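**Q** quick check, what structure comes out for this input:
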Amino acid sequence: MSTEIATTANKIFERNGESVKFFIQQDTGKDFIGWLSARIAEHGGKVVETVPREGYILVDPDSKKGEKLTEKWSSPDKPNRHIVCFTFVRASIMAGRMLDPEEMQGSRVIFKHEGAPVHIFLHPALGGLVSARLAIQIEKAGGSPKQRRFLRRKYLFRTDKYVEGIEWVQDCLDAQTYRHIDALPINMRGMKPGTVCVDFTETDDQNLIQYIGTRVPEPVDELRGCLSLYTQLCRSDEFPWAAQHVAKVWQRYYLRRKHDFDKDISKWVERNPQPLDSKERFRLKKRRRQPRPVVVDADMDDVVIDDDDHDSDDEDPPAIRHCR
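**A** Residues are numbered from 1 along each chain as shown. Reported below is the predicted structural model:
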């Protein structure tokens with residue numbers, strides 16, 4: 001019974017028990033046409049080789065061929081023939097229903113990178129209704145929405161991934177372009193005139209290795225690179241040797257030489273095992289932050305995907321390669 005219900009629910013491209021006809025712009029490439037045809041057939045539709053009197057013409061509106069098809073076959077005499085962007089198919093599948101043609105008005109491919117859909121990760125904290133609305137908007141504009149959990153801090157300084165607010169999707173749609181605006185740098189005044197730069201010494205290195213080895217014996221990047229760890233170092237009277245530098249300078253010094261420091265810290269910890277319940281261990285205080293819930297990933301090769309977290313119709317389309 002459940003299988004029958006699921007099968008019926010998936011037939012979104014049927015009307016009155018008959019398959020809706022689709023004509024696909026022919027110069028989009030065999031791989032893309034094959035992929036799109038399979039999605040249509042899986043959900044009850046039928047791909048035809050000639051423009052139907054009733055049904056849908058799927059075009060790439062930014063191509064010359066797409067413009068010609070729109071001019072040639074748009075006719076008020078055929079109110080049941082609709083010309084829409086090819087993203088109509090995946091957007092309908094995402095919505096769980098066949099979208100109205102009016103909902104696709106003005107739609108074009110915006111969220112693409114090197115011909116492939118941009119993966120846009122929607123944080124679970126957004127909630128079901130907001131995520132569903134954003135996912136349909138993203139699909140209509142050629143993107144690939146994903147439901148994934150992620151750490152904002154992990155992606156904050158990556159050059160191939162971006163953390164954006166939910167308003168970013170609508171901003172791209174309004175501008176009709178996929179873009180990111182880099183944050184303006186602040187507090188970049190540098191050293192004050194007359195300030196003497198104090199170099200780090202080998203003694204500083206050994207002190208820092210012992211301090212981090214005691215506070216964060218395991219190589220946890222989120223903790224060892226945290227500014228709070230070095231703020232505690234500078235504020236404590238227990239470490240007078242740290243007073244010659246401010247917390248941010250200690251943090252930057254560790255991060256610049258992270259690879260070498262981590263090796264030396266591991267050796268120190270082997271010689272000086274730290275108890276798991278030590279009160280000296282550094283623990284990150286959890287603070288409520290304003291969520292920045294959308295991550296855009298232009299390259300998914302190094303993203304870990306949970307095995308139990310799957311998106312519906314998750315396969316991305318091949319890149320469109322217009323044939324001359």
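**Q** now do stretch 260-277: distance to the chain's middle.
**A** Centre-to-centre, stretch 260-277 and its host chain are 35 Å apart (C-alpha atoms, centre = their mean, to the nearest Å).
**Q** what lies in contact with that stretch?
**A** Taking C-beta atoms under 8 Å, 6 or more residues apart in numbering as the criterion, the residues outside stretch 260-277 that touch it are 205, 208-210, 212-214, 217, 219, 224, 254, 280-281. C-beta here means a position set from N, CA and C on the backbone, and glycine is covered the same way.
**Q** now stretch 208-219
**A** Counting contacts by C-beta under 8 Å, 6+ apart, the residues outside stretch 208-219 that touch it are 223-224, 229, 232-233, 239, 242, 250, 253-254, 261-262, 264-266, 268-269, 272, 274, 278, 280-282.
**Q** can you give me the buried ones in that stretch?
**A** With burial defined by 16 or more other C-beta atoms under 10 Å, the residues of stretch 208-219 counted as buried are Leu208, Ile209, Gln210, Tyr211, Ile212, Gly213, Thr214, Arg215, Val216, Pro217.
**Q** may I see those organised as CSV, with secondary structure added?
**A** Below are those laid out as CSV (DSSP: H, G, I helix; E, B strand; the rest coil):
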residue, secondary structure
Leu208, helix
Ile209, helix
Gln210, helix
Tyr211, helix
Ile212, helix
Gly213, helix
Thr214, helix
Arg215, helix
Val216, coil
Pro217, coil
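**Q** still on that earlier bit, between the contacts of stretch 260-277, which sits nearest Thr28?
**A** If you rank the contacts of stretch 260-277 by distance to Thr28 using C-beta to C-beta, Pro219 comes first, at 48.3 Å.
**Q** relative to Gln251, how far out is that closest one?
**A** When distances are taken as C-beta to C-beta, to the nearest Å, Pro219 and Gln251 turn out to be 16 Å apart.
**Q** same deal with Asp77?
**A** Taking C-beta to C-beta as the measure, Asp77 falls 70 Å from Gln251.
**Q** likewise for Arg235?
**A** Distance from Arg235 to Gln251, counting by C-beta to C-beta: 14 Å.
**Q** could you list the domains of the chain?
**A** 10-193+292-324, 202-271 (automatic domain parsing).
**Q** which stretch in those domains is the model least sure about?
**A** Per-segment mean pLDDT for the domains of the chain reaches its minimum on domain 10-193+292-324, at a mean of 78.
**Q** chain center to it: distance?
**A** Its chain's C-alpha centre and that of domain 10-193+292-324 lie 13 Å apart, by C-alpha atoms, centre = their mean.
**Q** ranges for the strands of the stretch 1-150 of the chain?
**A** Under the criterion DSSP state E, counting those that start in this stretch, strands of the stretch 1-150 of the chain are mapped to 14-15, 18-19, 21-24, 46-47, 55-59, 81-85, 112-113, 116-117, 119-122, 144-147.
**Q** export those to TSV and tack on mean neighbour count and distance to Ser37?
**A** Output for those, formatted as TSV (neighbours: other C-beta atoms under 10 Å; distance: least, C-beta to C-beta, whole Å):
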stretch	mean neighbour count	distance to Ser37
strand 14-15	14	16
strand 18-19	14	12
strand 21-24	21	7
strand 46-47	18	4
strand 55-59	23	10
strand 81-85	21	16
strand 112-113	16	20
strand 116-117	19	18
strand 119-122	23	23
strand 144-147	22	19
